[in-house]
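1. Fold the following.
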Amino acid sequence: MKFIASISLVLTIASVAAALAQPTPDARLATPNADACDRLAASPYDKARPSGIQGVAFEQVDAPAAIEACRVALEARPDDARLVFQLARALQKDGGAEALTEAARLYRLAADQGNVIAQHSLARFYETGAGGLTKDEQEAARLYKLAADQGVESAYANLGRFYELGRGGLPKDDEEAARLYRLAADQGLAYAQAKLGFFFAIGRGGLPKDDHEAARLWRLAADQGNVSAQVNLGRFYENGRGGSPKDEQEAARLYKLAADQGYAYAQDDLGSLYETGRGGLPKDEQEAARLYKLAADQDYAYAQANLGRFYETGRGGLPKDEQEAARLYRLAAEQGFAYAQTSTTLADFLT
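-> Okay, the predicted model is just below:
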C-alpha cells in the first residue's frame, strides 16, 4: 500500500510538473507570432479574441503589416481558425482581386471550422459576389442566420435587412426585421440603431410610431458616426420633431458630419441650407451648387432636381444651360421625383 501510494505521489508530482511545463491556452494565444496578428487584424466583434486584444475596426486595418504578421502566425499554427479568419480579413482590406479571391477561400476554410465571424464575413462575400464567388443571396441568408443564431450582432442586422427587403429566399417580414434590428441595437450596433429608429419614426414592423424613441436611437447611432442617423436626426432638429427643439444650427452641424463622409442625402440637405442661408450658414449659392452636384453624381433624385434648377436659371456660378437642366430633371423624374416630372423645361425638351 505504501508502495502504491508512493507511485501515486510520484505520478501526481510528475503530472503537475508536466502541466506546469505546458503553456496555458491563453499563453498559446499570446505567442509572439499570433500576438502580432491579433493586434493588427482581430475583429472587435470576435468574442473569442484573446483577452487584452481590443480588435481593429476594418477601416483601420493596416493590410500589408497584418497580412505579413498573420502569414507568419499561420506557419506556426496552420489549423487555427481564428488566425485564418484574421488573415482573410487583412486580405479583404487589401482589396486587390487576388487578395479578395484568397480571402474568400480562407473565410470558407475558417467558417467550415466553426468560426462564427468568418461565417458572417463569408455571407457578405456571397451577398455581393466578392472574391470570385458566385453571387448567392440564399447562401448569404443561410450564413447570416447561422451567425445570428450564435449572437453575432452584425449578423442580426444583416439578417434583419434581408427580412426587411425579402431577399435571400426569405419572406418580406418587417416584424422579424424589427426584432433582429432591436437585438443588434441593444448591443450598440450603430447601423441597427439607425434602422430601428427609422421603424419607430414611421411606425413600422409592429412598432408604435414614436418620434422620441426614434430620436434617441438616431442620437446613439449618430454619435458613432452613422451617416443616415446624422441626417435623420438633423431633419428632426430642422423641423423640431422627436422632442428636440427646432435648431437649424444643430441640423447644419449634423448634415455636415454626414456630408463630409460623402453621403448624398446630407450633401443635398446641407446644400439647401447654404442656398437659403439658414442654420447659421452664409447664403452661398456656389457652395450649394457644389454640394448638389456631389449628391446628383450619386444619382440622388432631389439633388438632380435642385442642380437642374440652378442650370435652368444660371445660378450658383453655373452657366444657364436648359439642356443640362432637362437632362438632370429627366434623371430625377425617372426615379419618380414629382417636381422634375412637372418641370416645364423638362416637358419642352421631351417633346
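2. In the protein, where is pLDDT below threshold?
-> For the chain, the stretches flagged by pLDDT under 70 are 1-32, 338-351.
3. Chain neighbours aside, what residue packs nearest to the residue nearest the centre of it?
-> The centroid of the chain falls nearest to residue 191 when counting by Cα atoms, centre = their mean (6.3 Å). Distances taken as Cβ to Cβ, 6 or more residues apart in numbering place residue 157 nearest to residue 191, at 5.3 Å, with adjacent residues excluded. Using the backbone N, CA and C atoms, a C-beta is placed for each residue, glycine as well.
4. Report all helices and strands that the helix or strand where that neighbour lies contacts.
-> For residue 157, the element it lies in under DSSP states H and E is helix 153-165. On a contact count with 3 or more Cβ pairs under 8 Å, 6 or more residues apart in numbering; DSSP states H and E, helix 153-165 meets helix 116-128, helix 137-148, helix 174-186, helix 190-202.
5. I'd like to check the angle between that helix and helix 190-202, please.
-> Relative orientation of helix 153-165 versus helix 190-202 (axes from the mean of the first three to the mean of the last three Cα atoms, to 10 degrees): 40 degrees.
6. Let's see helix 153-165 as PDB, backbone CA atoms only.
-> Only the C-alpha atoms of helix 153-165 are listed here, as PDB (Å, rounded to 0.1, in the frame of the first residue of the first chain):
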ATOM      1  CA  GLU A 153     -24.800  41.500 -33.700                       C
ATOM      2  CA  SER A 154     -23.800  42.400 -37.200                       C
ATOM      3  CA  ALA A 155     -25.500  39.100 -38.400                       C
ATOM      4  CA  TYR A 156     -28.700  40.200 -36.600                       C
ATOM      5  CA  ALA A 157     -28.600  43.400 -38.500                       C
ATOM      6  CA  ASN A 158     -27.900  41.900 -41.900                       C
ATOM      7  CA  LEU A 159     -30.400  39.100 -41.500                       C
ATOM      8  CA  GLY A 160     -32.900  41.900 -40.400                       C
ATOM      9  CA  ARG A 161     -32.100  43.700 -43.700                       C
ATOM     10  CA  PHE A 162     -32.800  40.600 -45.700                       C
ATOM     11  CA  TYR A 163     -36.200  40.100 -43.900                       C
ATOM     12  CA  GLU A 164     -37.000  43.800 -44.400                       C
ATOM     13  CA  LEU A 165     -36.400  43.600 -48.200                       C
END
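7. doesn't residue 192 make contact with the residue nearest to residue 191?
-> Yes. Using Cβ atoms under 8 Å as the test, residue 157 is close enough to residue 192 to be in contact (4.4 Å).
8. Can you work out which residues contact both of those two?
-> Jointly contacting residue 157 and residue 192 under the rule Cβ atoms under 8 Å, 6 or more residues apart in numbering are 180-181, 184.
9. May I see the helices and strands packed on helix 153-165 arranged in a markdown table, with distance to residue 43 as well?
-> As requested, the helices and strands packed on helix 153-165 are exported to a markdown table (distance: least, Cβ to Cβ, whole Å):
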| stretch | distance to residue 43 |
| --- | --- |
| helix 116-128 | 5 |
| helix 137-148 | 12 |
| helix 174-186 | 15 |
| helix 190-202 | 16 |
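10. and of these, who's closest to residue 284?
-> Residue 284 lies closest to helix 190-202 among the helices and strands packed on helix 153-165, at 29.4 Å (Cβ to Cβ).
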